[in-house]
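Q: got a sequence here, can you model it:
(chains A and B)
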Amino acid sequence: MLRMSTLFLRTLRDDPADAEVPSHRLLVRGGYIRRAAPGGFTWLPLGWLVYRNVERVIREEMDAAGFQEVHFPALLPREPYEASGRWVEYGPNLFRLQDRRGNDFLLAPTHEEMFTLLVKDLYSSYKDLPLSIYQIQTKYRDEARPRAGLLRGREFVMKDSYSFDVDDEGLQRSYDRHRDAYVRTFDRLGLPYVIVAAVSGAMGGSASEEFLAPIDVGEDTFVRCTSCAYAANVEAVEVPVPADEPYDDAPPAQVADTPGTPTIQTLVDFLNTHDELRRPDRDWTAADTLKNVVLTLRFPDGSTEPLAVGVPGDRDVDMKRLEAQVAPAVPEAFDEAAFAARPELAKGYIGPGALGTGSTSGIRYLVDPRIVAGTRWVTGADTVGHHVVGLVAGRDFTPDGTIEAAEVRDGDSCPACGSPVELARGIEIGHIFQLGRKYAEALGLTVLDQHGKTVTVTMGSYGIGVSRAVAAIAEASHDELGLCWPREIAPADVHVVVAAKGGGPQGPAAERLAAALEAAGVRVLFDDREGVSVGVKFKDAELLGVPTIAVVGRGVTDDESSSTIEIKDRRSGDRSDIALADAVEHLRSLCAP
RNA sequence: CGGGAUGUGGCGCAGCCUGGUAGCGCACCUGCUUUGGGAGCAGGGGGUCGGGAGUUCGAAUCUCCCCAUCCCGACCA
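A: Numbers count the residues shown, from 1 in each chain, chains lettered A, B, ... in the order given. The predicted model follows:
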């Protein structure tokens, strides 16, 4: 039994100044966590109870699916990550350190390499597969900007699983089993989620889906179709490619004097206010223009390469989408010095003429997939103050390829069915993907198949953010008064509050009730504090968020048989009085329906 | 990485502009009163003001550097 009189807990009346998002605010105010380091938190008794409940649910579901738990060190030597290429690829987000002899170590951000090597160490036959193993482990990432409390820390706990199969069909089966296990896990955790198509990011790999809790403070943007089941992280959205357009009758492109039009808006205004440039049928819009963005790609080894991206002028380049496309390289702005070094690029007037591997600049030029052959554009003429009108893709210029980097907007067409999509934000709580043979190849994980032939194992990788899930649940389950934990992960089932002055019958009655509940298997948080006003107790109960609150107060008299207590459902706020004599059975049934 | 804001007892803040040796609310301790919605009165303990250097007779306050936290941004051709 948790007694408030002795519990290591201090609730705060005021919000901590550095906490923005509700989960961070309420977890600190409620005495669940304390900040201990930038991006690192201490779990206090109540928080640790919640954390362990989340961990328990995850572990139970992993075990039920037949996956086996192992545990690696978090401190690892450089060599395996060197072999996989990630010592370099992971870049500055990797915590690196040295031992006293100067050997390089790292604090693991994920454990693909170690799992791969462990299986290589022990297994060598197809008969040993399939295999899925997992761990629940503290991970370290030197985030540039830790934020939002538990949602993005530099030290966090992740459950990561890996599957090992001889062939693609096996991998698909392992992937599906994990997907099912994740559905059950998040259902039990009481977390709302959307499963979206995703890109696999720095880990490499192919088929990939994310579990996103649809909450506005989340860092991921995803789209979902308003009529079909399509849902995808914006990074993974593929725009529907229109059919080529005929252009035999298209007039030749013409260079026009467009002084003072370095931006799309100034260009469109100029075109619509000069008679010789006006369209006969309608006004020009930003969508008629082709915007060319030049940037620098910085590769993990430090080398750089310029890249030009062409998008319809009414859309911005979405850096998140671009980053996902060019990973592990990182896009950077093309700064003044870079422009100065390339006089062939007229800032504000860059057109396809100066771009492409075959052009004077030699800069690789990738365009939005909507820019198909036959589409006509107004775009830069590569001279300050000049644009080209009627430039036809496929006739006047041919890009080096396409890239998914244009922003996605509410109302864009669904790639699956064509209906409008809507944008929403979410917290990534799980990510499953088919790694394939990247790590097995790099680290030499092979087995002999039934013909005695050596085959490279194919892998899947599956993660759940355990500490983040605690915050995500807090985000999904709170109100203006405080937290409202789902019962499965709450620190207790019933919060018994004594609401009476000392010396009355309420104290002893509450003591007996709490003990009886405990004996019946109900987890009790007992507010037995004396000298604390009921107002404080009620506020604390609401802040702490135990699902059921039992108030032992004025309904209790010296005649226990006619005494009543008040039961309040934290989430709905519904209250009801029940006979004290029936309380244990009533509350027990609430907890184990 | 860039920009902005902030950094003063456990928490939230004032003081800084106009230098003179630190204050308020909450929390904490003692006593009395109070007890169905963050109680009242009285008395108390706790900080040298993120760190360093400098200016000055004197620095929380002015100057410089560093660190940290939070927010915003990272390209618009």
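Q: tell me the secondary structure for the closest residue to A:Gly260 other than its chain neighbours?
A: Spatial nearest neighbour of A:Gly260, chain neighbours left out: A:Thr266 (6.5 Å); criterion: C-beta to C-beta, 6 or more residues apart in numbering. (Glycine included, C-beta is placed from N, CA and C.) Assigned state for A:Thr266: helix (three-state reduction, DSSP: H, G, I helix; E, B strand; the rest coil).
Q: for A:Thr266, give its distance to A:Val311.
A: Distance of A:Thr266 to A:Val311, given as C-beta to C-beta, to the nearest Å: 18 Å.
Q: who has more neighbours out of these two?
A: A:Val311 (23 against 14; other C-beta atoms under 10 Å).
Q: wait, the residue nearest to A:Gly260 touches A:Thr273, no?
A: No: assessed by C-beta atoms under 8 Å, A:Thr266 is found out of contact with A:Thr273, at 10.7 Å.
Q: next up, the contacts around the residue in the stretch 351-500 of chain A that RNA strand B sits nearest to.
A: Distances between the stretch 351-500 of chain A and RNA strand B by C-beta to the nearest atom of the strand are smallest at A:Ala499, namely 4.1 Å. Residues near A:Ala499 by C-beta atoms under 8 Å, 6 or more residues apart in numbering: A:Gln506, A:Val534, A:Lys537, A:Phe538, A:Val551, A:Val552, A:Gly553, A:Arg554.
Q: bridged to the residue nearest the centre of chain A, which residues?
A: The centre of chain A sits closest to A:Glu428, judged by C-alpha atoms, centre = their mean, with a distance of 2.4 Å. Beta bridges link A:Glu428 to A:Leu212, judged by DSSP bridges.
Q: quick check: it vs A:Asp142, distance?
A: 19 Å.
Q: coming back round to it: so how many other residues sit close to the closest residue to the residue of the stretch 351-500 of chain A closest to RNA strand B other than its chain neighbours?
A: Nearest residue to A:Ala499, sequence neighbours excluded (C-beta to C-beta, 6+ apart): A:Gly553, at 3.4 Å. Residues within reach of A:Gly553, counting by other C-beta under 10 Å, total 19.
Q: before we move on, what about the one 3 residues further on?
A: Around A:Val556 there are 25 other residues, counting by other C-beta under 10 Å.
Q: break chain A down into its domains, please.
A: According to automatic domain parsing, chain A comprises the domains A:12-70+A:108-237+A:423-475, A:254-402, A:492-591.
Q: close to RNA strand B, is the first one?
A: Yes: Domain A:12-70+A:108-237+A:423-475 lies in contact with RNA strand B when judged by C-beta under 7 Å from any atom of the strand; the contacting residues are A:12-18, A:20-21, A:29, A:38-39, A:144-148.
Q: give me the buried entries from these.
A: Among these, those buried by neighbour count (16 or more other C-beta atoms under 10 Å) are A:Val21, A:Arg29, A:Gly39, A:Pro146, A:Ala148.
Q: would you map the helices across the stretch 201-350 of chain A?
A: Ranges of helices in the stretch 201-350 of chain A, per DSSP state H, counting those that start in this stretch, are A:264-272, A:319-326, A:336-340.
Q: please read the previous query as pertaining to the stretch 1-150 of chain A.
A: Counting by DSSP H, counting those that start in this stretch, the helices of the stretch 1-150 of chain A are A:22-29, A:45-64, A:78-84, A:86-89, A:112-122.
Q: in the sheet, who's paired with A:Ile567?
A: A:Ala550, A:Ser576.
Q: isn't A:Tyr123 up against A:Val447?
A: Yes: if you go by C-beta under 8 Å, A:Tyr123 and A:Val447 touch, sitting 6.5 Å apart.
Q: more neighbours, those two?
A: More crowded of A:Tyr123 and A:Val447, by other C-beta under 10 Å: A:Val447, with 22 against 17.
Q: OK, contacts around the nearest residue to A:Phe41 once chain neighbours are set aside?
A: Spatially, and ignoring its direct neighbours in sequence, A:Phe41 is nearest to A:Ile33 (4.6 Å; C-beta to C-beta, 6+ apart). Contact analysis of A:Ile33 by C-beta under 8 Å, 6+ apart lists A:Leu27, A:Phe41, A:Thr42, A:Trp43, A:Leu44, A:Gly47, A:Gly149, A:Leu150.
Q: tell me the SS of A:Thr383?
A: Put simply, A:Thr383 is coil when judged by three-state DSSP.
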